[in-house]
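In: Sequence isn't available, so here's the structure alone:
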């Protein structure tokens, strides 16, 4: 990999590497916790590969992915039409039009425009909303996988305590499922609220998530 490639893609590469590292760390520590709990209940321990297929691991992973994709999807959608004066992540409520609001059909003859922009029609309609659509689809997929893997883990805990196992729909109707979801959802929205509000008064030089250090607090957006 060339130095140019690393420089141009360093941010995404770093995020992916960190994700893999911490997912691996979660798997290793979760594996130990799971086998410890198995021994405490007089159950058979499992090999690491088998652990990756358990509800214990899957539920923990997808429960968190679900909340992350929900947060990002809602962030993209809400910032399209809602404002916070002074925030770096908001459009300026004092401006009637910003570059992100421009009608892409004006650029359909631009040879450098993405294919859906040049084609127009349904392709453009989907493309101009593709970021929020994809994030919400990822949320729904993670939500479903949380329900499937979580029901297995919940049922295993139920049977260990002499109670009946439940199916996916039974788990979806349980307080346990929604407790797991809501505790993550609230923390995600709280973190976005803090970023939005803190960016009004605080700065990080060099970061596109911050306003320029010299800009006044009332300045909205990063331009």
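Out: Perfect, thanks for sending it. Quantities reported herein were computed from a predicted structural model and do not represent experimental measurements. Numbering: from 1, shown residues only.

In: name the element residue 217 belongs to?
Out: Assigned by DSSP states H and E, residue 217 falls within no helix or strand.

In: swap that for residue 16, sorry
Out: helix 3-40.

In: Counting neighbours, which bits of the helix or strand just after that helix end up buried?
Out: Note on helix 3-40: by DSSP H and E, the next helix or strand toward the C-terminus is helix 48-51. By 16 or more other C-beta atoms under 10 Å, the buried positions in helix 48-51 come out as residue 51. (Each C-beta comes from the backbone N, C-alpha and C, glycine too.)

In: How about stretch 49-62?
Out: 51, 54, 55, 56, 57, 58, 59, 60, 61, 62.

In: doesn't residue 150 make contact with the second one?
Out: No: Residue 54 is not in contact with residue 150 according to C-beta atoms under 8 Å; the separation is 11.3 Å.

In: In a markdown table: the buried residues of stretch 49-62, plus distance to residue 71 and pLDDT.
Out: Listed next are these as a markdown table, based on distance: C-beta to C-beta, whole Å; pLDDT from 0 to 100:
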| residue | distance to residue 71 | pLDDT |
| --- | --- | --- |
| 51 | 28 | 98 |
| 54 | 26 | 97 |
| 55 | 24 | 97 |
| 56 | 24 | 97 |
| 57 | 22 | 98 |
| 58 | 20 | 98 |
| 59 | 19 | 97 |
| 60 | 18 | 97 |
| 61 | 16 | 98 |
| 62 | 15 | 98 |
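
In: Narrow the residues you listed to those in helices?
Out: Among the buried residues of stretch 49-62, the members found in helices (DSSP state H) are 51, 55, 56, 57, 58, 59, 60, 61, 62.

In: Now do the contacts for the fifth one.
Out: By C-beta atoms under 8 Å, 6 or more residues apart in numbering, the contact list for residue 58 reads 145, 148, 149, 150, 152, 153.

In: Tell me the buried residues within the residues you listed.
Out: Neighbour counting by 16+ other C-beta under 10 Å classes 145, 149, 150, 152, 153 among the contacts of residue 58 as buried.
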